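Got a predicted structure plus its sequence, pasted below:
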Amino acid sequence: MGFPGVWMTESESVVYRVVPKCACSTIGQIMYYSDHGEFFDGDIHDAKDGMHKWARDDSQGPITRNVLAHRSYAFTCVRNPYTRILSSFFDKICGIQRNGRRYRGNLVPTLIYKYGIEVGGDDGKQEFDQIQSFRRFLLFARDTIRWRRPMDPDIHWSAVSGHVSTFIANGGRYDEIVWTESFNEGMQRVLNSIETPHAVDLKKIPRFNESEGHGPKRAHPVEDYFDDLSMHLVYEIFKRDFQLFKYDFENPGNKMPIAEIDLDEVHAKLG
């Protein structure tokens, strides 16, 4: 199985397990900059060289050797399940993607037809009942994760713990898990622990939010999207994320963690 979703700097200063919708564009650009002294021109996900990625055949050997010997500092980044799945809905379901088309071709028409979801018209910019449509999307997300119907779960809304676990299950060990919600503090701890060819000043790093502007703006506070039933569905899908990464299930309006992550617990439960 190896290490899907793992990126590593060419200098092997640091190893990162990508988790979709968890600051991955910004982290990738920080890693690229730390090696080359400049940012990648474009979306870092499109970079074919300048960084080791598991998806590149020639990177798999170096990544495997490094991770199994734990030669470099390894980290990942996680996010509150409530805000992450909301962000996935607005970006992937309601938004027009970089290629000018809907995400995954016939996915959105299927959702409109089978679940009665609205997405703000052809351009995602028209008014629609965001709360009602999001709650229907949640049913769809649950169906994909629990029954793999009407399709397999998508990486943008499958549980963070599932992404994080493959690294552990195949022999890796994390030195740090960063919360998206306190990104600068967590990322600074990573940078303080590694030596990079180029120094990184986090205060001067722009935020590379590649999904921003794809879809409609969220019209309500986070908690308005989650009634009792939606909270139940979110817990059914993301129970381990709440427990391991210490997020507040009881209050969707509180995006901040409520305790420290126990790395030993994460490795024990996800290994």
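Here it is on my side, so go on.

Averaged pLDDT, stretch 189-198. What do you get?
Regarding stretch 189-198, the rounded mean pLDDT is 98.

For whichever helix or strand M231 is part of, buried residues please.
Here M231 sits within helix 228-245, counting by DSSP states H and E. Buried residues in helix 228-245, counted by 16 or more other C-beta atoms under 10 Å: S230, M231, L233, V234, I237, F238, R240, D241, F242, L244, F245. For every residue, glycine as well, the C-beta is placed using N, CA and C.

any idea how far the closest residue to the second one other than its chain neighbours is from S161?
This means M231. Spatially, and ignoring its direct neighbours in sequence, M231 is nearest to P252 (6.6 Å; C-beta to C-beta, 6 or more residues apart in numbering). Distance, P252 to S161, using C-beta to C-beta, to the nearest Å: 19 Å.

How about H198?
Taking C-beta to C-beta, one finds H198 at 33 Å from S161.

Compare the two (neighbour count), which wins?
S161 (21 against 12; other C-beta atoms under 10 Å).

in its sheet, what does the biggest strand by length in the chain sit against?
In the chain, with assignment by DSSP state E, the single longest strand is strand 73-78. Here strand 73-78 is paired, per DSSP bridges, with strand 14-17 (parallel), strand 176-179 (parallel).

quick one: buried residues of the helix or strand just after it?
Using DSSP H and E, the helix or strand that follows strand 73-78 in sequence is helix 81-88. Within helix 81-88, the residues scored as buried using 16+ other C-beta under 10 Å are P81, Y82, T83, R84, I85, L86, S87, S88.

Tell me which helix or strand S133 sits in.
Going by DSSP H and E, S133 is part of helix 130-147.

That helix: which residues count as buried?
In helix 130-147, counting by 16+ other C-beta under 10 Å, buried: 130, 133-145.

List the contacts of that helix.
85-86, 89, 93, 111, 114-119, 149-154, 157-159, 216, 218-220, 224-225, 227, 229-230, 233-234, 236-237 (C-beta atoms under 8 Å, 6 or more residues apart in numbering).

let's see it at 6 Å
Under the contact criterion C-beta atoms under 6 Å, 6 or more residues apart in numbering, helix 130-147 has outside partners 89, 93, 111, 115-118, 149, 151, 153, 157, 219, 225, 230, 233, 237.

Just the buried ones from those residues, in ChimeraX syntax?
A single ChimeraX command selects the buried members of those (16+ other C-beta under 10 Å):
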select :89,93,111,115,117,118,153,157,225,230,233,237
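
Thank you, goodbye.
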